[in-house]
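Trainee: Sequence below, structure please.
(one chain, ligands or ions: 1)
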Amino acid sequence: MRVSLLAPMAAFTLALAGCSGGDNGPEVPKSTAKGVTIQEARLVLPLVSGNPGAVYFNLVNEGEAPQKLMSVDVTGVEMTMVHETIDTGGVAKMQTAQNVVVPAQGSLAFEPGGKHVMVMGLSPDLKPNTRTVLTINFDTGDKASVELPVISQAAAAGK
Ligand SMILES: [Cu+2]
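Mentor: The predicted structure is shown next:
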C-alpha cells in the first residue's frame, strides 16, 4: 500500500485594511513617541448616558528619556481631563493630575481608583463593543495613539 504524503504549504494571506477603517476598526495615527506604547486601553462608558466616562490604560516607556504627558485626545468626546483619585480622610476625591511623567524604562498605570482620563460629551456612536482612538500628547510634541475599545460598566466590572 502506498501512503501518499501531502505537504500542504498553506499560504496565509494577510488582508490589510485600507484607509477606510470600516469593520477593521478606526484608523489609528502613527505614533511619534519613540519607545512608548499604550497597553490595555479601554473606555468605560457611564452607567447613565450623559455622565462622564473614564479611560484607563498602561503607558510603557522603553525610551531613554522620561515622557511628560501634556494632554489626551479621544475621538468622539468633547473634552478630556487627566484626573487622579486622592484619599482625603477616608473620602475619595478626584482632582486634576499635575506632572504626569512616565519614567524612562518604566511605566505608568491609569487604573480605577488611581489616575484616569475623564471623558465628557460622549458621542452616541460610542456604544459598547465599538472602538475609537486614544492619543496621548507629550510635552516633546510627540504623540502616541492606539485603538481604544469601548466597553460597558458591566463588562469592565467582569474583568
Ligand atoms: Cu475623574
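Trainee: Quick check: phi and psi on Asp139?
Mentor: The phi and psi values for Asp139, taken as degrees, to the nearest 10, are phi -70, psi -10.
Trainee: was I right about it contacting Lys68?
Mentor: Yes - if you go by C-beta atoms under 8 Å, Asp139 and Lys68 touch, sitting 4.3 Å apart. Bear in mind the C-beta positions are built from the backbone N, C-alpha and C, glycine included.
Trainee: burial count for whichever residue of the chain sits closest to the ion?
Mentor: The nearest approach of the chain to the ion comes at His83, 3.3 Å away (C-beta to the ion). Per other C-beta atoms under 10 Å, the neighbour tally for His83 reads 19.
Trainee: Just the pLDDT for the residue nearest to it when sequence neighbours are not counted.
Mentor: Nearest non-adjacent residue to His83, counting by C-beta to C-beta, 6 or more residues apart in numbering: Met94, 4.6 Å away. For Met94, the pLDDT comes out at 93.
Trainee: Surely Met94 and Thr88 touch.
Mentor: No - applying C-beta under 8 Å, one finds Met94 not in contact with Thr88, separated by 10.7 Å.
Trainee: for Val133, what are its contacts?
Mentor: Pro26, Glu27, Val28, Pro29, Asp73, Val74, Thr75, Ser145, Val146, Glu147, Leu148 (C-beta atoms under 8 Å, 6 or more residues apart in numbering).
Trainee: any idea whether the first one is helix, strand or coil?
Mentor: Read that as Pro26. Under DSSP: H, G, I helix; E, B strand; the rest coil, the three-state class of Pro26 is coil.
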